[in-house]
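Undergrad: Provided below for reference: sequence and predicted model.
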Amino acid sequence: MAGTTKANSTTLSMTNPVLIFLMVAAALAWLMLTSVSVAPNRIVPGNTYNVLGVAGWPGLVISLLPVCIVVWLALKSSARQLKWVALLVVLMLAALPLWLALAAHHLVSPDLPGARLGIGSGVWAVLFLLLLSLIEVRTRLGLSRWLGGLLLLIPLVSLGLVLTATPWLDSLALRREFVTRSDAFYAAVGEHLLLVGTAVGCGLVIGVTLALIMRHWPRLRGPGFTLLNFLQTIPSLALFGLLIAPLAWLAAKLPWLAALGVSGIGWAPALLALIGYSLLPLVRNTFVALDDVDPGVIDAARGMGMTSGQVFRQVRLPLALPVLLEGVRITTVQAIGLTAVAALIGAGGLGRFIFQGLGQAAMDLVLLGALPILIMALLADALLGALGEWLQPGGAT
């Protein structure tokens, strides 16, 4: 144990090349890429500005100072220094909305009420690299997913305060798109979550059932997994298209299906496709989770006089839950992304804004649909991953 502790301490005290690379890349992106753009209206492209055009040399030096400190700390990244790195990265993330507010204050003229402030590629690149840095620090320090998620609350609170409590970002193009389409946006979020929740719920029931059948009849394992793997390789658009004709035929032959809203396009083919894509990770993880329970634990439970049903419900299933939940996590994140594509067949959801924006060459409208999908996926991954960690033996402590 002492040798392991000493080895871990030595590992933490070494130079962290990953953090150094990420910070150098963030600094280069901040210096070389566009920070913001300002357009008089939605149609005109407008002008782009880098960090010097927004805040001048003083702003450039101040904005790069925490990056330099992180690089210095990463040269000998002990556990204590990594904690300071985590704090600095979180503060830099929290400062990005304030940077946009500063750009709006300096560059957007009050004489142009329709002016729009666009987020430049430099800000997106820095945001991505800072998030990767936060993941690196969390991994090095061995922080739980719960604590890693809590670290993101500070920049999210900062963004919420800047957006809601101040008028500084009223000219933000993304905000203007949201205000214009707020009712449609909330409806799309509801449609998206309903499709994802229904698909994952149905997939979980079917997947667990198939896994139990495969465990009971081993001859079905090979053909079953072959079919599920084949289904997973079909492109989503192709699968949506393949379902249009049979569903349209069924709706024409069975009026009660048409009364439920089943047709060749819409939610029905989208839901069936999402359930199909969810089956492989759910069946595989359920099968592996149930099959990998320690036989000694099962023998001990039987020795205590438990019946087969009690062994399954009280021993095998609780021990298998963390791995089973990992399949649910993978399926949920996958379904959140695939539901966006389902908008092409009239299933609704946030993908509607993405494809409308692409058709109109309006990137802020694309972001209005893409960013909530990204946030949903990150939240689902963090929450389900943290729950899986908590369900691990000893996780509650």
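TA: On my side now, so go ahead.
Undergrad: how about the strands in the stretch 51-200 of the chain?
TA: Assigned strands in the stretch 51-200 of the chain, in chain order: 116-119 (criterion: DSSP state E, counting those that start in this stretch).
Undergrad: which stretches of it have low pLDDT?
TA: For the stretch 51-200 of the chain, the stretches with pLDDT under 70 are 165.
Undergrad: In contact with the closest residue to Val323 other than its chain neighbours, which residues?
TA: Leaving aside its sequence neighbours, Val323 sits nearest to Ala289 (C-beta to C-beta, 6 or more residues apart in numbering; 3.5 Å). (C-beta placed from N, C-alpha, C; glycine too.) Ala289 makes contact with Ala320, Leu321, Pro322, Val323, Leu324, Gly327 under the criterion C-beta atoms under 8 Å, 6 or more residues apart in numbering.
Undergrad: can we see that at 6 Å?
TA: Neighbouring residues of Ala289 by C-beta atoms under 6 Å, 6 or more residues apart in numbering: Ala320, Val323, Leu324.
Undergrad: Report pLDDT for Leu247.
TA: In this model, Leu247 is scored at 86, pLDDT.
Undergrad: other SSEs contacting the helix or strand harbouring it?
TA: Assigned by DSSP states H and E, Leu247 falls within helix 236-253. Helix 236-253 sits against helix 255-259, helix 267-291, with contacts defined as 3 or more C-beta pairs under 6 Å, 6 or more residues apart in numbering; DSSP states H and E.
Undergrad: I'd like the mean pLDDT over the longest one, please.
TA: What that stands for is helix 267-291. Helix 267-291 comes out with an average pLDDT of 90.
Undergrad: CA atoms of the helix or strand just after that helix as PDB?
TA: Downstream of helix 267-291, the next assigned helix or strand under DSSP H and E is helix 295-303. Extracted in PDB, the C-alpha atoms of helix 295-303 (Å, rounded to 0.1, in the frame of the first residue of the first chain):
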ATOM      1  CA  PRO A 295     -20.500 -17.600  -8.900                       C
ATOM      2  CA  GLY A 296     -19.400 -17.800  -5.300                       C
ATOM      3  CA  VAL A 297     -21.900 -15.100  -4.300                       C
ATOM      4  CA  ILE A 298     -24.600 -17.000  -6.100                       C
ATOM      5  CA  ASP A 299     -23.700 -20.300  -4.300                       C
ATOM      6  CA  ALA A 300     -23.700 -18.500  -1.000                       C
ATOM      7  CA  ALA A 301     -27.100 -17.100  -1.600                       C
ATOM      8  CA  ARG A 302     -28.400 -20.600  -2.500                       C
ATOM      9  CA  GLY A 303     -26.800 -22.000   0.600                       C
END
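Undergrad: Just to be sure, Gly337 is in a helix?
TA: Yes. Assigned with DSSP: H, G, I helix; E, B strand; the rest coil, Gly337 falls within a helix.
Undergrad: Let me know how buried it is, in neighbour terms.
TA: Using other C-beta atoms under 10 Å, Gly337 has 15 neighbouring residues.
Undergrad: Could you tell me the per-residue confidence at it?
TA: For Gly337, pLDDT reads 92.
Undergrad: roughly how far apart are it and Gly351?
TA: 10 Å (C-beta to C-beta, to the nearest Å).
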